[in-house]
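**Q** Here's a sequence, model it:
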Amino acid sequence: MQLNYARLCLPFTPDPHSYARPADVSVRHLSLHLSVDFASRTLAGHATWQLHNQVGATELILDTRALAIEEVLLGSSTGEATPFTLEANDAVLGQPLHITIRPDTTTVTIRYRTTPGAAALQWLAPEQTAGQEQPFLFTQSQAILARTWIPCQDSPGVRFTYEAQVQVPPHLLALMSAENPMERSPSGKYSFRMEQPIPAYLMALAVGDLEFQALSSRTGVYAEPVTLPTAANEFAELEEMVGTAEELYGPYRWQQYDLLVLPPSFPFGGMENPRLTFVTPTILAGDRSLTSLVAHELAHSWSGNLVTNATWNDFWLNEGFTVYFERRIMEKLYGRPYSDMLQVLGYTGLLHTVQELGATSLDTHLHLDLAGRDPDEGLNEIAYEKGDYLLLTLEHLVGRAALDSFIREYFARHSFQSMDTVRFTEYLKKELLDHHPGVAEHVQLNLWINGPGIPAGAPPVSSERFAQVDAALHQWQNGTAARELSTAQWSSHEWVHFLHGLPARPSTEQLTELDAAFGFTQSGNARYWPLGFRIPLRPATRQQMKLCNSF
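**A** Numbering: from 1, shown residues only. Below is the predicted model:
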């Protein structure tokens, strides 16, 4: 695939969470060589970066955090040593690595090793895995943790291709966010290649006792052997989901789409690593009822992975589009009444977050100012649900067909590029709003982007299926026995809504009756908290669906 790097890499939006200066020198391709040592809980090896020096600079700056830099070479791993310095450590940003280069330098190599406490590396003992026999390693690079295992330009606005050689214990399988093996190597040596340029936060590595099962010619699932049969059954509709997404917003550009089911101690819901989405085993409910999380991570293959927020201040451009896209996928698969439930749940979460943050909080703006803070502080329900609500408002004003055409063209025109909020609003006005007189005045885009809370005039959301749940709840509260309620066709969303409607302090007798009628204690569905009678979780933020997948 031939890519125009000038088109991909410029302009660079200044990023308050990176020391790098890609407008001077940007990275283009990474050749990574690593050995995985479970005993010391470290990675060791070297990273070779191909550079584009746009101004004849004599210094390259990379982001690092808690990395032990051993040597820096101009050229490949056999090149000449060059001076480097690590500045003082910042608790959030880490240490900038300053490397002396020449104006004609095209390649640098950094020999390094990680430290046992590297924040992106999660080392699991055998007891923490499903099989409980082999250790496990997985990475989580979002938002700015790639720098804890690779010296890099750790900004979502900087994209690069990569290849990697990884040595692991011979009895384990290694996977990355790249072209992946489907069988184990007897030597424990694995080669990877990612031909599509990605930002550093989408770098991913997993090592463990894993096997693969194909679900179609371009989809499949990796999991520990004890988990694989259940996972393959749960995700049997994955190819249909990919095809549905393509019908909506254009071709899937990453060739393969696989899922990796992590061990039970994986503390997130999902992570949209290209070609290999990481997912929690808690969505293996046995009834395919929690696959909206997969739809969300799949949608990121367009909104986030294909067109990426330029900085974490622009996070809503990733997540707002993804939530809207996710619900459109679920609507095509399961019908409008089903997606309406998701919309109502999301809107409820949005109201809750605005209340928590405060109606006038700057953190309820879509375009954030996270300078001086860990970007995770701003990755909350606002980006997900207010971003989605803006797109829902646009759909209401211009019509679904017009909005779909705009989104499809937006993804096609900006593929493998970054986008910031200012450029997006200019593009939106030119390509959509200006074609619909009066809409710009009605939507008041600036109030959504740079104003607090939820602007007036947003369309109401409702769910006929939730209305039926409310009716059943009313019947029960007025004396109808729980076993007599018509609940046989309820999804997990309806059960969550039902449980949210219970009295603040239900009696023991009420809980016992409900549990006897509906078997909550025996439920394998992770939307219920496993404490006898399972009380539903409601996360404070959509970002925390990576922590507890309760939507």
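**Q** Report the separation between Ser76 and Ala164.
**A** As judged by C-beta to C-beta, to the nearest Å, Ser76 and Ala164 stand 15 Å apart. Every C-beta, even on glycine, is put in place using the N, C-alpha and C of the backbone.
**Q** same deal with Thr308?
**A** In terms of C-beta to C-beta, Thr308 sits 21 Å off from Ala164.
**Q** ok, Ser76 and Ala164, which is more surrounded?
**A** Per other C-beta atoms under 10 Å, whichever of Ser76 and Ala164 has more neighbours is Ala164, with 23 against 12.
**Q** The more buried one and Ile407: what is the separation?
**A** 33 Å.
**Q** what do you get for Thr291?
**A** Thr291 is 22 Å from Ile407, by C-beta to C-beta.
**Q** model confidence over stretch 55-65, on average?
**A** Averaged across stretch 55-65, pLDDT comes to 98.
**Q** do stretch 341-351 as well
**A** If you average the pLDDT over stretch 341-351, you get 95.
**Q** What of stretch 459-471?
**A** pLDDT averaged over stretch 459-471 gives 96.
**Q** starting at the chain centroid, how far to it?
**A** With C-alpha atoms, centre = their mean, to the nearest Å as the basis, stretch 459-471 stands 29 Å off its chain's centre.
**Q** now swap in stretch 352-371 and tell me
**A** 21 Å.
**Q** before we move on, what about stretch 319-327?
**A** 12 Å.
**Q** what's stretch 218-238 in contact with?
**A** 129-131, 173, 175, 180, 182, 208-216, 239, 242, 252, 255-261, 263, 276, 281, 283-286, 288, 291, 294, 333 (C-beta atoms under 8 Å, 6 or more residues apart in numbering).
**Q** out of the residues you listed, which are inside helices?
**A** Among the contacts of stretch 218-238, DSSP state H puts Glu239, Val242, Val294, Leu333 in helices.
**Q** Run a quick neighbour tally on the third one.
**A** Using other C-beta under 10 Å, Val294 has 23 neighbouring residues.
**Q** Does it touch Leu259 like I think?
**A** Yes - look at Val294 against Leu259 with C-beta atoms under 8 Å: they come within range, at 6.9 Å.
**Q** residues bridging contact with these two, i.e. touching both?
**A** Both Val294 and Leu259 are in contact with Phe235, Leu238, Thr277, Val279, where contact means C-beta under 8 Å, 6+ apart.
**Q** Any idea which helix or strand in this structure has the lowest mean pLDDT?
**A** Across the helices and strands of the chain, mean pLDDT, DSSP states H and E gives its lowest value to helix 545-548, namely a mean of 34.
**Q** Low-confidence stretches in this structure?
**A** Within the chain, the ranges that satisfy pLDDT under 70 run 1-10, 524, 526-551.
**Q** now with 80?
**A** 1-11, 267, 523-551 (pLDDT under 80).
**Q** Need the three-state assignment for the residue lying farthest from the centre of it.
**A** In the chain, the residue that sits farthest from the middle, by C-alpha atoms, centre = their mean, is Gly479; the gap is 44.7 Å. Assigned with DSSP: H, G, I helix; E, B strand; the rest coil, Gly479 falls in the coil class.
**Q** Got phi/psi on it?
**A** When read as degrees, to the nearest 10, the backbone of Gly479 gives phi 110, psi -10.
**Q** swap in the one 10 residues further on?
**A** With angles defined as degrees, to the nearest 10, Gln489 sits at phi -100, psi 10.
**Q** Number the residues from 355 up from this point.
**A** OK, 355 is where the count begins now, so the last one is Gln843.
**Q** For stretch 822-841, measure first residue to last.
**A** 10 Å (C-alpha to C-alpha, to the nearest Å).
**Q** buried stuff in it?
**A** Gln822, Val823, Ala826, Leu827, Trp830, Ala836, Leu839, Thr841 (16 or more other C-beta atoms under 10 Å).
**Q** Walking through the stretch 655-804 of the chain, point out its strands one by one.
**A** 661-663, 771-773 (DSSP state E, counting those that start in this stretch).
**Q** which one of those strands lies closest to Leu757?
**A** Leu757 lies closest, by C-beta to C-beta, to one member of those: strand 661-663, at 15.8 Å.
**Q** Pull the distance from the closest one to the chain's centre.
**A** The answer for strand 661-663 is 12 Å, by C-alpha atoms, centre = their mean.
**Q** What of stretch 802-819?
**A** Worked out by C-alpha atoms, centre = their mean, stretch 802-819 lies 24 Å from the chain centre.
**Q** Can you point out the buried residues in that stretch?
**A** Residues Trp802, Ile803, Gly805, Pro806, Gly807, Ile808, Pro809, Ala812, Val815, Ser817, Arg819 are the ones in stretch 802-819 that count as buried (16+ other C-beta under 10 Å).
**Q** Let's have these in TSV, adding secondary structure and distance to Trp477.
**A** As requested, those are arranged in TSV below (DSSP: H, G, I helix; E, B strand; the rest coil; distance: C-beta to C-beta, whole Å):
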residue	secondary structure	distance to Trp477
Trp802	helix	42
Ile803	helix	41
Gly805	coil	44
Pro806	coil	41
Gly807	coil	42
Ile808	coil	42
Pro809	coil	46
Ala812	coil	45
Val815	coil	43
Ser817	coil	43
Arg819	helix	43
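**Q** Could you dump these into JSON lines with distance to Leu447 added?
**A** Below are the buried residues of stretch 802-819 laid out as JSON lines (distance: C-beta to C-beta, whole Å):
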{"residue": "Trp802", "distance to Leu447": "30"}
{"residue": "Ile803", "distance to Leu447": "26"}
{"residue": "Gly805", "distance to Leu447": "29"}
{"residue": "Pro806", "distance to Leu447": "27"}
{"residue": "Gly807", "distance to Leu447": "30"}
{"residue": "Ile808", "distance to Leu447": "32"}
{"residue": "Pro809", "distance to Leu447": "34"}
{"residue": "Ala812", "distance to Leu447": "36"}
{"residue": "Val815", "distance to Leu447": "39"}
{"residue": "Ser817", "distance to Leu447": "43"}
{"residue": "Arg819", "distance to Leu447": "46"}
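**Q** what comes into contact with the strand or helix carrying Glu867?
**A** Counting by DSSP states H and E, the element that carries Glu867 is helix 862-872. Contact with helix 862-872 is made by Ala835, Ala836, Arg837, Leu839, Thr841, Trp849, Leu856, Pro857, Phe874, Thr875, Gly886, Phe887, as judged by C-beta under 8 Å, 6+ apart.
**Q** Before I go, just wanted to say thanks for your time.
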